[in-house]
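> can you look at this prediction? I've put the sequence above it.
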2 protein chains.
Amino acid sequence: MGEQRTVTTRERIIEAAAELLADGGIDAVSTRAVAAAAGVQAPALYRLFGDKQGLLDAVTAHGFERYLMAKKAVAPSDDPVEDLRRGWDLHVEFGLTHPAFYVLMYGVPQPGRRPTAADDAYRLLVGILERVAEGGRLKVPVETAASIVHATNTGVTLSLISAEEKDPDVSTRTRDMVLASITTDELPQEDTTLSARALALDSTLNRQTHPLSPAEAALLRDWLHRLASN
Amino acid sequence: MGEQRTVTTRERIIEAAAELLADGGIDAVSTRAVAAAAGVQAPALYRLFGDKQGLLDAVTAHGFERYLMAKKAVAPSDDPVEDLRRGWDLHVEFGLTHPAFYVLMYGVPQPGRRPTAADDAYRLLVGILERVAEGGRLKVPVETAASIVHATNTGVTLSLISAEEKDPDVSTRTRDMVLASITTDELPQEDTTLSARALALDSTLNRQTHPLSPAEAALLRDWLHRLASN
DNA sequence: GGTTCGAGTTATCGGCGATACCTTGATCAA
DNA sequence: TTGATCAAGGTATCGCCGATAACTCGAACC
């Protein structure tokens, strides 16, 4: 089959909604306005996207694609901690460049209604942190580090979005503070400390298959985390 | 005049709206539902609160009052850094106990639409930080510290609200990380470092009247911040 | 060549925020 | 005492919104 050259109705609708969102904020995105801008009638949206939330999910996924592409293209460098730093900055930059999109994704937590795009970004963060842990430079378990980085990164970005005078220094300060707290400055050639070895084992357990049962593995990982926290 | 013993219509409306918000989330708070629950007709809301946003502002202010009371009652201890720690925990606890209220206040940043209650809480934070700075235990300017603490505290709380399994360890870890990064462990009896003296002067300039003109003071404070950042 | 079905239409529903206009009851000067 | 005033709330209604039932049309398929 040849490529689809003509723009599909679905794409037209998503782009119309994205433009309305970027221009007039979330309030400007009504089913009628989107339908009119896309040159279609309202029920077409519902057949294509189910309901309005489905349309918004598609819009955020579409708008987030470029960001994820950039993040994926930039991520694999020699120094995973540097990747972490660049990922933080990219995150903040995306939020300030597309505030309406960003708030839609991270602003209002509704249980079970998390956009897929946000999950993808989180998994990408976990992947980088696993590489940091593999290099023996992570001071805390990967899950803990991911939660902390995610929480602080979104917190800073939302604060900057709502601030009328945006001070980028707050982002870099917080970023360096967080990274300094969860990583070690340099990789020790051979780290013989208890916590480092526990975390190294934890990291590889997380990534490889092993002969332990799920229950055994859960208990072991709990012990490893307790060993690492001393 | 005797005290107002009967509950005013305004109070009845606010309490009805607060109950709807706590029970069914923000979507359950419609003008009609609130009016019906308060035993009143819809236009009464508009005369009392202007529009729906005015009603929501009044509701958040009301719901936030107890929290602010608790925070004010707890705050003034001997150790302002400990006050900071308790303020952080109180903030997170309030968010997890009243998620719908919290999201209404901190979730969706709209320029110029920040609820008054959030401003009050921020000013309270700045007040504590000024006491920390006065004790010579703050490593960064008060405004910077306030921005960082606010951004990370709200970020952690929003993350916990949206997380299905809430790990309180993330909050305490981030809290201690932030506090360790912006404060010194112990107050030196006489801190003779350049940055400490610059920040001590900055802090008192902030709180007292002085003979410098506003322009001179702004320039001086800029210099002090640059001295402190080395 | 009739059938099926995807894709989009017209028409309409109930709920929402908001407002113009009316009613009522308390207050107070003449 | 009475009539004007006005705060407080009610009645009726507007236009917009999300959503859906029921219909139309054209292409694909046997």
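Perfect, I can see it now.
> ok, the one residue sitting closest to the centre of chain A - contacts?
Computing the C-alpha centroid of chain A and ranking residues by CA atoms, centre = their mean puts A:Ala121 first, at 2.7 Å. A:Ala121 is in contact with A:64, A:67-68, A:71, A:91, counting by CB atoms under 8 Å, 6 or more residues apart in numbering or on different chains. Any C-beta I mention is one placed from the backbone N, CA and C, and that applies to glycine too.
> just put these in TSV and tack on secondary structure and neighbour count.
As requested, the contacts of A:Ala121 are exported to TSV (DSSP: H, G, I helix; E, B strand; the rest coil; neighbours: other CB atoms under 10 Å in any protein chain shown):
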residue	secondary structure	neighbour count
A:Phe64	helix	23
A:Tyr67	helix	21
A:Leu68	helix	16
A:Lys71	helix	21
A:His91	helix	24
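> from those, pick the one nearest DNA strand D.
A:Phe64 (20.8 Å; CB to the nearest atom of the strand).
> which pLDDT value goes with the residue nearest to that closest one when sequence neighbours are not counted?
Once flanking residues are discounted, A:Phe64 sits nearest to A:Ala117: 3.6 Å by CB to CB, 6 or more residues apart in numbering or on different chains. Turning to A:Ala117, the model gives it a pLDDT of 77.
> residue contacts, A:Ala117?
Neighbours of A:Ala117 in contact, by CB under 8 Å, 6+ apart: A:60-61, A:63-65, A:68, A:105.
> of those residues, which belong to strands?
Among these, no member is found in strands (DSSP state E).
> what's the closest of those to DNA strand D?
For those, the nearest to DNA strand D is A:Thr60 (15.3 Å; CB to the nearest atom of the strand).
> contacts only, for A:Asn206.
A:130, A:142.
> give me the pLDDT value at it.
So, for A:Asn206, pLDDT stands at 70.
> same question for the one 10 residues further on.
pLDDT, the model's per-residue confidence, is 75 for A:Glu216.
> which other helices and strands contact the host helix or strand of it?
Under the criterion of DSSP states H and E, A:Glu216 resides in helix A:214-228. Taking 3 or more CB pairs under 8 Å, 6 or more residues apart in numbering or on different chains; DSSP states H and E as contact, the helices and strands that helix A:214-228 lies on are helix A:194-207.
> re the thing from before, which among the contacts of A:Ala117 end up buried?
Neighbour-count burial (16 or more other CB atoms under 10 Å in any protein chain shown) applied to the contacts of A:Ala117 gives A:60-61, A:63-64, A:68, A:105.
> from those residues, which has minimum pLDDT?
A:Leu68 (81).
> distance of that residue from A:Asp78?
Distance of A:Leu68 to A:Asp78, given as CB to CB, to the nearest Å: 22 Å.
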